Structures are given as structure tokens and as C-alpha cells.
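Asks: Sequence plus predicted model, see below.
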Amino acid sequence: MLTLTNNAAQAIRDLTAAAPEPAQSGIRISSQGEGSSSLTLSLATAPEPADEVVETEGARVYLDPVAATVLEDKSLDAGADDQGSVSFLVTDQPV
């Protein structure tokens, strides 16, 4: 199952704090088309019916079935540049 670093959890909480329904809001990672070569990340107010939900320290990530399979052994990290723009990075889970 996808894991979140402390940085990713904080970034997700920051992004969803101003959402209309912050108690259920999170980020959603979904596949584009049939293949797993392209994943997109978006803000979501709730999971879709088939989504897998990953929750860490109050941060929620919703994964569509393809994304859940692709990311099952990965970790999501986040960082910010000098202007405060957040970027997410998928890495292998530490052993």
C-alpha cells in the first residue's frame, strides 16, 4: 500500500485545509486511460466508489484501482520550491 512521508502528509493537509469539505477532502491519484504510464493528481472532496483510501496523520489520498496497483509498493513525498509551490515525488518504499 502507498505510504506517505511526513512532508507529504503536511502538504496534503495544507492543500485541503481550505476545501469546502476539509473533513473528507484529499488528493486523488488516477490513471489516464487503460495504461499505467500516466497518473494525474487532483484535489478531491471525497473518494470515488472504487477508490482505495490511504490516510496518514489526517492527510487523505484517494487512489483509483490502476493507481493503487501501480503505487502499492511506493512512498509519496513532497517538497516546496522557493516560491512555495508544492511538488510531489513518488519513490520506492524504504526497506
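Replies: That came in fine, so what should we check first?
Asks: Report the beta-bridge partner residues of the residue nearest the centre of the chain.
Replies: Centroid check for the chain by C-alpha atoms, centre = their mean gives residue 61 as the closest residue, at 4.0 Å. When bridges are called by DSSP bridges, residue 61 pairs up with residue 27, residue 54.
Asks: what's the pLDDT at it?
Replies: With respect to pLDDT, residue 61 has a value of 97.
Asks: Equivalent analysis for the one 4 residues further on, please.
Replies: Here, the pLDDT recorded for residue 65 equals 93.
Asks: Repeat that for residue 18.
Replies: 79.
Asks: what about the helices in this protein?
Replies: Listed in chain order, the helices of the chain (DSSP state H) span 6-16, 65-70.
Asks: Can you give the contact residues for the shortest one?
Replies: Here helix 65-70 makes contact (C-beta atoms under 8 Å, 6 or more residues apart in numbering) with 2, 29-31, 36, 39, 50-52. Bear in mind the C-beta positions are built from the backbone N, C-alpha and C, glycine included.
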